[in-house]
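Visitor: No letters, just coordinates:
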């Protein structure tokens, strides 16, 4: 058996259209000036843009039509996130999509009403982490005898704007998912993180004393959690690949216009060849990401899909960290300034590389999947 | 569509059955890993006979026109044959310059006469081709070649020297890039392209020994060699365009090659198989966390290459850099293979230091030789560094 056996890669007509539409949307509605104007606001995004995204149905792309989604499959979210990454457009779409996937995979149509609200524009997020380790069980939040939550979650994406939280918790040593409404949480329980990427938002949330609206239990929870983390890796990889493409375009633009020593600096191989490596790395990441989009589905993720998600994340992280880093360097003194968009790229790189596990996290698991069979 | 699939799958079975019967056994002497290392008459005769056998069975030039000895089928059929050759560890199909560069070039740009004269003999292995592009002083800077061809009556008289002429000592013909007009304003406009005979007076090929210890390429000397003017392909002074087209076929940027099986297929699975037999600190090498992480990297690179190859057929994912994936095939593939082979050759403990000829060398020194041999791919046909320039300029639009 070949180690690289599953190499399926295709794009449905719907996915191709989504890519075009989402890229057009980002180009028209979210130029870099608009992104910059939101960097230091509370929410980090323009509510009007979010509303348009909801109206276009993007919050329901990955969910089945039986719960109010578009029924296109979670792979169809990939082109949308690639496009959003290309514009460095944050918004709570990733958080909402993953909250939807986790609850759908754990509860199916029994959570139809809750999922329907997400499709309709309610902002959801998953409270995954007890602390910094994406590879830990993260089951430190528990339910007390009265059914109330005890404990805090850290780095909860988009917690500041979320209407609904899916809290990864435990009960008698088994993972459970507590569905919590924002209205059940006091303002003082949410303390914002200062994130390295100013297009993103996260906060620590103390859920102690909060009564969940509903608790999802059962065998499906652990698998749903595993799959949602993998999908988080894939969709972040899609977003990161889009950002790497944009970063590459900005580097090449500068290399084509900036002159030193009487020559365009793009003619120097010391700049040219690393830029080619960014290009090649971006294309590799893009191939992994769309391979992932091709092999993931509504059903529990196969081993091939798991491999695809992990490889996509590794490839995207690697190229984005390199691209962001070189972008600052290649822009010289200007690259070192806040004004230069390299600032946004290098910060996105450093944010993305840890989300849903960094390269080492995934490579370690890939080694087992690939070498121990 | 499903009819095609069924037909292809039936064809695959037929080819596999044929290979099981007909792939020659180990001849008991060293066979070349790639077409770049055919260094003895014994190897040449063996490989020529094998190619002729494959062609006679109807499995070479699957998608070339039947009137020139091909099978007139879809390119997918050749792909099937090439895959099966790899699976059966068949000896290489050696007449690569003819099969993969000259043949497609002639089918693309040649006259009916040229096609009729040359193509069938390329497929049958009766006529061997070599390439006269690089010169001792002009490798990467191909536009600066100095070998002169001067028109004299019905002939051109050629003087100069070409180097790295793979198969040059055995070849019947050479695709020759020579300067016919040293006064041309642009150096590229002074070049002409010839389908030049090799077995004539004034042409001598001197074999050159390589890093691997083997032979296979030559320095070719032209001393008042008279070639008929009818050997000119295209216009006098129009050689650069034909040479560039040739390089597209050589680098795999444009399809049409008769057989991709020009070297043994060495995959990441072979690497893992080979390394699974070794120990490190008394433990299996594959349990070493650093090695495991390295291997994940190689598997990922290998998978990325295949995925990028397949993505070329997905138009929606090629609009940003339309020629990008095709123009980077050589850049990514040959460098990955070089590092993969070097890695495998160097993780065999003290046996890493043994070479072909030592009875204790791992697989007869296969990986050490394969690593060295791979420089033929990272240097030949435009070095990796030139490929990087090409991607930078033609894909990303960076200045020269």
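Guide: Good, I have the coordinates. All figures in this text were calculated on a predicted structure; none of them were measured in a lab.

Visitor: Which parts of the chain are strands?
Guide: Let's take chain A. Using DSSP state E, the strands found in chain A span residues A:124-127, A:142-143, A:149-150, A:152-157, A:164-171, A:174-181, A:190-192, A:202-206, A:214-216, A:259-260, A:263-264.

Visitor: my bad, the chain I had in mind was chain B
Guide: Using DSSP E, strands in chain B cover B:129-132, B:148-152, B:155-163, B:173-179, B:191-197, B:203-208, B:217-228, B:232-233, B:279-280, B:283-284.

Visitor: Which one of the ones you listed lies nearest to chain A?
Guide: Nearest of the strands of chain B to chain A, taken as C-beta to the nearest C-beta: strand B:283-284 at 10.3 Å. (C-beta placed from N, C-alpha, C; glycine too.)

Visitor: quick check, distance from that closest one to the centre of its chain.
Guide: Once both centres are worked out by C-alpha atoms, centre = their mean, to the nearest Å, strand B:283-284 turns out to sit 38 Å from its chain's centre.

Visitor: So that strand, near chain A or not?
Guide: No - for strand B:283-284, no contact with chain A is found by C-beta under 8 Å from any C-beta of the partner chain; the gap never falls below 10.3 Å.

Visitor: Tell me the strands beside that strand, with direction?
Guide: In the sheet containing strand B:283-284, its partner strands are strand B:279-280 (antiparallel), by DSSP bridges.

Visitor: returning to that earlier point: would you mind giving the strands of chain B as a markdown table with mean pLDDT added?
Guide: What follows is the strands of chain B, written out as a markdown table (pLDDT from 0 to 100):
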| stretch | mean pLDDT |
| --- | --- |
| strand B:129-132 | 97 |
| strand B:148-152 | 97 |
| strand B:155-163 | 97 |
| strand B:173-179 | 98 |
| strand B:191-197 | 98 |
| strand B:203-208 | 97 |
| strand B:217-228 | 97 |
| strand B:232-233 | 97 |
| strand B:279-280 | 93 |
| strand B:283-284 | 96 |
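
Visitor: ok, the residue nearest the centre of chain A - contacts?
Guide: By C-alpha atoms, centre = their mean, chain A has its centre lying nearest to residue A:236, at 3.3 Å. Residues near residue A:236 by C-beta atoms under 8 Å, 6 or more residues apart in numbering or on different chains: A:81, A:94, A:313, A:316, A:352, A:355, A:356.

Visitor: biggest helix in chain B, by residue count?
Guide: helix B:289-311 (DSSP state H).

Visitor: so what's the residue of the stretch 101-250 of chain B found nearest chain A closest to, chain neighbours aside?
Guide: Nearest residue of the stretch 101-250 of chain B to chain A, counting by C-beta to the nearest C-beta: residue B:140, 12.3 Å away. Closest residue to residue B:140 apart from its sequence neighbours, by C-beta to C-beta, 6 or more residues apart in numbering or on different chains: residue B:386 at 5.0 Å.

Visitor: do residue A:273 as well
Guide: Using C-beta to C-beta, 6+ apart and skipping the chain neighbours, the partner closest in space to residue A:273 is residue B:388 (4.7 Å).

Visitor: And the one you found, how far from residue A:271?
Guide: As judged by C-beta to C-beta, to the nearest Å, residue B:388 and residue A:271 stand 11 Å apart.

Visitor: Identify the contacts common to those two.
Guide: Here residue B:388 and residue A:271 share no contacting residue, scored by C-beta under 8 Å, 6+ apart.

Visitor: And the residue sitting furthest away from the middle of chain B, its phi and psi?
Guide: Within chain B, the residue lying farthest from the chain centre (C-alpha atoms, centre = their mean) is residue B:282, at 41.0 Å. Here is the backbone geometry of residue B:282 (degrees, to the nearest 10): phi 80, psi 0.

Visitor: Give me the distance between it and chain A.
Guide: Residue B:282 is 19 Å from chain A, where distance means C-beta to the nearest C-beta, to the nearest Å.

Visitor: Apart from its neighbours in sequence, what residue is nearest residue A:319?
Guide: The shortest distance from residue A:319 to any non-neighbouring residue, by C-beta to C-beta, 6+ apart, is to residue A:281 (3.4 Å).

Visitor: For residue A:213, which non-adjacent residue is spatially closest?
Guide: Closest residue to residue A:213 apart from its sequence neighbours, by C-beta to C-beta, 6+ apart: residue A:179 at 5.0 Å.

Visitor: same thing with residue B:225?
Guide: Residue B:225's closest residue in space is residue B:202 (C-beta to C-beta, 6+ apart), at 3.2 Å.

Visitor: tell me the contacts of the one you found?
Guide: B:158, B:222, B:223, B:224, B:225, B:226.

Visitor: ok, now which ones touch the last one?
Guide: Pointing back at residue B:226 there. Residues in contact with residue B:226 (C-beta under 8 Å, 6+ apart) are B:152, B:155, B:156, B:157, B:158, B:200, B:201, B:202.

Visitor: low pLDDT regions in chain B?
Guide: B:1-2 (pLDDT under 70).

Visitor: can we see that at 90?
Guide: In the predicted model of chain B, residues B:1-5, B:75, B:137-142, B:251-256, B:258-260, B:264-265, B:380-382 satisfy pLDDT under 90.

Visitor: Got the domain ranges for it?
Guide: Following automatic domain parsing, one finds the domains of chain B at B:2-127, B:130-250, B:268-395.

Visitor: Serialize the ones you listed to TSV and add fields for distance to residue A:260.
Guide: Shown next, in TSV, are the domains of chain B (distance: least, C-beta to C-beta, whole Å):
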stretch	distance to residue A:260
domain B:2-127	40
domain B:130-250	25
domain B:268-395	17
